[in-house]
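1. show me the folded form of this:
(chains A, B, C and D)
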Protein chains: 4
Amino acid sequence: MSANPVMTLAEVNAFLAREFPQIALGRDFVVEDVGPLSARLRLIFSDRHLRPGGTISGPAMFTLADVGLYVAILAQIGPVALAVTTNLNINFLRKPAATDLVGECRLLKLGKRLAVGEVTLLSVGDPEPVAHATGTYSIPAR
Amino acid sequence: MSANPVMTLAEVNAFLAREFPQIALGRDFVVEDVGPLSARLRLIFSDRHLRPGGTISGPAMFTLADVGLYVAILAQIGPVALAVTTNLNINFLRKPAATDLVGECRLLKLGKRLAVGEVTLLSVGDPEPVAHATGTYSIPAR
Amino acid sequence: MSANPVMTLAEVNAFLAREFPQIALGRDFVVEDVGPLSARLRLIFSDRHLRPGGTISGPAMFTLADVGLYVAILAQIGPVALAVTTNLNINFLRKPAATDLVGECRLLKLGKRLAVGEVTLLSVGDPEPVAHATGTYSIPAR
Amino acid sequence: MSANPVMTLAEVNAFLAREFPQIALGRDFVVEDVGPLSARLRLIFSDRHLRPGGTISGPAMFTLADVGLYVAILAQIGPVALAVTTNLNINFLRKPAATDLVGECRLLKLGKRLAVGEVTLLSVGDPEPVAHATGTYSIPAR
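-> Predicted structure coming up:
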């Protein structure tokens, strides 16, 4: 379960920019790395993602986790079939700092029909996680 | 556990417009009703919430569920203390239709420290749920 | 999505007694009813399911929810393929009373590959839920 | 957030044997280690935990995860107040082997009121996880 991904970082970013213009790659989100069953994304700190008190909103963190797991699957199997989120569970642990947020994504299972992964969200420069998510994705028949 | 809320619909909307301008009340989200331990919100269908294929995105549905439960708690206990999401679990069940999405929110527990609720998300005019979420909120000491 | 189940209550109970002797049907668990996309199960109060303080344990409540959703799927589609739990999320809301616990199970989706349902757990005689669970089940190709 | 636990492994085992006789320590479950914000437990393979096909049942895996996180909290803060599970989310990833199951437990947050942790469940001798769980625990005022 640890083969190399079939897409490079550049190929992933080109695919996302073309297919998901809403994600605002390079403005809101940056895919920093893809590896065997893993990916790292960054949410650029901005007014657009804040809730009262100036902290990053729950929906922005949900998006980082969801896109991150989608990217880890995409890079591993390629754009032959688009995975669809079926479940996402997120625990909010601490108030994020007023800085970028990084999502470390790791696939726990990559089956023929289902993929499951986990994401740890960290404020840049702080080792204590801000949030943690697990997600399940349905992979269409190829 | 079924007393009437302490805030009216108008008071809830005024509070949200003042405190959460990011939610874009009236443009993206509308609080349609609040009742005993319950609330109903509507996500206005728009290009801003779409993913490829023209369906409403997972993050937009997450936001509807999260804001809906927040509103149900807020209306019930008033703006004396701001509830914070600690966990949200969402199951995506069907592809939403190209129309508004309604979130029917119901609190299962409203304790001194924790509130737990569930949300059923429905495309307007279709009785089959599009998604279902449960969430936990921490209520600061009052 | 609301056709009648293909198995009767008696057929479900006979199947479970034969295939799942560990569940101790009639001693620990009773399937009380099956209906369109729904089932009701009862956990018989007993010393075997207690944790300190004399309340029903979390694992016993998990089992009631998991078996309940399994039964709702089984009754609806028949024993042609055995569903497998892929995700279960449970919120514990209140201390259960020292009495039987009932699980009201409802399927939110019954697709070809995945079924999703929710369970409300109630102490007999008390309208406030003790716990609430949602679960996802993989259905093998038939 | 990484201080040493206040209880030794022997103290944890003595506490559990006295307070949770249902867990059948030494017969069904063994606490193998406790460390800073972490614990490792083993579920001894036995007929009592099987489902059809001879694999370890979902409820037995739920119990391993739930007890494991409870133990990690207990060892860290001591038996001054008993933590109560408020949420547990478990993903079942692969069919477990016919052997003991180990739960590697790690606390992601240990606050004054809430603790959150994750558990990876592994069949002994196989690096691919069998299941993964996250749980939230309420800690009474001390």
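2. so where do the strands sit in chain A?
-> A:29-35, A:38-43, A:50-51, A:55-56, A:84-92, A:101-110, A:114-123, A:131-138 (DSSP state E).
3. would the longest helix seen in chain A count as contacting chain B?
-> In terms of residue count, the longest helix belonging to chain A (DSSP state H) is helix A:58-77. Yes: interface with chain B: helix A:58-77 contributes A:58-59, A:62-63, A:66 (C-beta under 8 Å from any C-beta of the partner chain). Where C-beta positions appear, they are placed from N, C-alpha and C, glycine not excepted.
4. next one: stretch A:90-107
-> Yes: remark: stretch A:90-107 sits within contact range of chain B at A:90-92, by C-beta under 8 Å from any C-beta.
5. near chain C, from the residues you listed?
-> Filtering these for neighbours of chain C using C-beta under 8 Å from any C-beta leaves an empty set.
6. would TSV of those residues with distance to residue B:34, pLDDT and neighbour count be doable?
-> Rendered in TSV, the data for the residues of stretch A:90-107 next to chain B read as follows (distance: C-beta to C-beta, whole Å; pLDDT from 0 to 100; neighbours: other C-beta atoms under 10 Å in any protein chain shown):
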residue	distance to residue B:34	pLDDT	neighbour count
A:90	25	98	29
A:91	27	98	27
A:92	24	97	24
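7. ok, so of those residues, who is nearest chain D?
-> Nearest to chain D among the residues of stretch A:90-107 next to chain B, counting by C-beta to the nearest C-beta, is residue A:91 at 5.1 Å.
8. quick one: least confident helix or strand in chain A?
-> Ranking every helix and strand in chain A by mean pLDDT, DSSP states H and E puts strand A:50-51 at the bottom, with a mean of 62.
9. follow-up on the earlier one: residue D:80: which of the residues of stretch A:90-107 next to chain B is nearest?
-> The closest of the residues of stretch A:90-107 next to chain B to residue D:80 turns out to be residue A:91 (C-beta to C-beta; 24.3 Å).
10. what residues does chain A put near chain C?
-> Applying C-beta under 8 Å from any C-beta, one finds that chain A approaches chain C through A:86-87, A:89, A:113-114, A:116, A:136, A:138.
11. next one, pLDDT for the most centrally placed residue in chain A please.
-> For chain A, the residue nearest the mean C-alpha position is residue A:68 (1.2 Å; C-alpha atoms, centre = their mean). Per-residue confidence at residue A:68 stands at 96 (pLDDT).
12. can you pull the contacts of it?
-> Contacts for residue A:68 (C-beta atoms under 8 Å, 6 or more residues apart in numbering or on different chains) come out as A:39-41, A:103, A:105, A:119.
13. can I have the buried ones of those as a ChimeraX selection?
-> Filtering these down to the buried ones (16 or more other C-beta atoms under 10 Å in any protein chain shown) takes a single ChimeraX command:
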select /A:39,40,41,103,105,119
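14. which of the contacts of residue A:68 sits closest to chain C?
-> Within the contacts of residue A:68, the smallest distance to chain C is 15.8 Å, found for residue A:119 (C-beta to the nearest C-beta).
15. who does the closest one form a beta bridge with?
-> Beta-bridge partners for residue A:119, by DSSP bridges, are residue A:105, residue A:133.
16. returning to what we had before: and the two most separated of the residues of chain A next to chain C?
-> The most widely separated members of the residues of chain A next to chain C, counting by C-beta to C-beta, are A:89 and A:113 (19.4 Å).
17. who's more crowded, the two?
-> residue A:89 (26 against 14; other C-beta atoms under 10 Å in any protein chain shown).
18. that one contacts residue A:134, doesn't it?
-> Yes: contact criterion C-beta atoms under 8 Å: residue A:89 and residue A:134 qualify, at 5.2 Å.
19. between these two, what contacts are shared?
-> Common neighbours of residue A:89 and residue A:134, counting by C-beta under 8 Å, 6+ apart, are D:89, D:134.
20. so, low pLDDT: which residues of chain A?
-> Within chain A, the segments meeting pLDDT under 70 span A:1-2, A:22-26, A:47-54, A:142.
21. what residue in it comes nearest to chain C?
-> Counting by C-beta to the nearest C-beta, chain A gets nearest to chain C through residue A:87 (5.5 Å).
22. now do the contacts for that residue.
-> With the criterion set at C-beta under 8 Å, 6+ apart, residue A:87 makes contact with A:135-136, B:89-92, C:87, C:136.
23. relative to residue C:12, which of those is nearest.
-> Looking at the contacts of residue A:87 and their distance to residue C:12, the nearest is residue C:136, at 20.7 Å (C-beta to C-beta).
24. which residues touch that closest one?
-> Contacts of residue C:136 by C-beta under 8 Å, 6+ apart are A:86-87, A:136, B:91, C:85-88, C:114-116.
25. hmm, back to that, out of the residues of helix A:58-77 next to chain B, which is most surrounded?
-> Neighbours here are counted as other C-beta under 10 Å. On that basis the top member of the residues of helix A:58-77 next to chain B is residue A:62, with 27 neighbours.
26. give me the nearest residue to residue A:123, chain neighbours excluded.
-> If the residues on either side of it in the chain are set aside, residue A:123 comes closest to residue A:97, at 4.0 Å by C-beta to C-beta, 6 or more residues apart in numbering or on different chains.
27. pretty sure the one you found is in contact with residue A:128, am I right?
-> No: look at residue A:97 against residue A:128 with C-beta under 8 Å: they stay out of range, at 10.1 Å.
28. more neighbours: the two, which one.
-> A side-by-side neighbour count of residue A:97 and residue A:128, using other C-beta under 10 Å, places residue A:97 first with 16 against 12.
29. now the more buried one. Its backbone dihedrals?
-> Summarising the backbone geometry of residue A:97 under the convention degrees, to the nearest 10, its torsions are phi -80, psi 170.
30. now do it against residue C:34, distance only.
-> 52 Å (C-beta to C-beta, to the nearest Å).
31. residue A:137 too?
-> Taken as C-beta to C-beta, the span from residue A:137 to residue C:34 is 31 Å.
32. cool, and residue A:19?
-> If you measure residue A:19 against residue C:34 using C-beta to C-beta, the figure is 43 Å.
33. who's more crowded, the two?
-> In this view residue A:19 and residue C:34 are compared by other C-beta under 10 Å, and residue C:34 has more residues nearby, 25 against 15.
34. name the nearest residue to the more buried one, sequence neighbours excluded.
-> Of all residues not flanking residue C:34 in the chain, residue C:75 sits nearest, at 3.9 Å (C-beta to C-beta, 6+ apart).
35. close enough to count as contact, that neighbour and residue C:12?
-> Yes: the pair residue C:75 / residue C:12 is scored as a contact, 5.2 Å apart, by C-beta under 8 Å.
36. now do the shared contacts for those two.
-> When contacts are counted by C-beta under 8 Å, 6+ apart, residue C:75 and residue C:12 have residue C:34 as shared neighbours.
37. quick one, which of the two is more surrounded?
-> residue C:75 (26 against 22).
38. contact partners for residue A:109?
-> Here residue A:109 is in contact with A:1, A:115-117, D:93-94, D:128-129 (C-beta under 8 Å, 6+ apart).
39. out of those, who's the most crowded?
-> Of all those, the highest neighbour tally under other C-beta under 10 Å goes to residue A:117, namely 26 neighbours.
40. distance check, it against residue D:59.
-> Per C-beta to C-beta, residue A:117 is found 24 Å from residue D:59.
41. next: residue A:6.
-> Applying C-beta to C-beta, the value for residue A:6 to residue D:59 is 38 Å.
42. please name the nearest non-neighbouring residue to residue A:116.
-> The spatial neighbour of residue A:116 that comes closest, neighbours along the chain excluded (C-beta to C-beta, 6+ apart), is residue A:109 at 4.5 Å.
43. show me the contacts for the closest residue to residue A:63 other than its chain neighbours.
-> Of all residues beyond its chain neighbours, the one nearest residue A:63 is residue B:59 (4.3 Å), with distances taken as C-beta to C-beta, 6+ apart. Under the criterion of C-beta under 8 Å, 6+ apart, the neighbours of residue B:59 are A:59, A:62-63, A:66.
44. would TSV of the strands of chain A with distance to residue B:80 be doable?
-> Below are the strands of chain A laid out as TSV (distance: least, C-beta to C-beta, whole Å):
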stretch	distance to residue B:80
strand A:29-35	36
strand A:38-43	31
strand A:50-51	18
strand A:55-56	20
strand A:84-92	21
strand A:101-110	30
strand A:114-123	29
strand A:131-138	26
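45. noted, bye for now.
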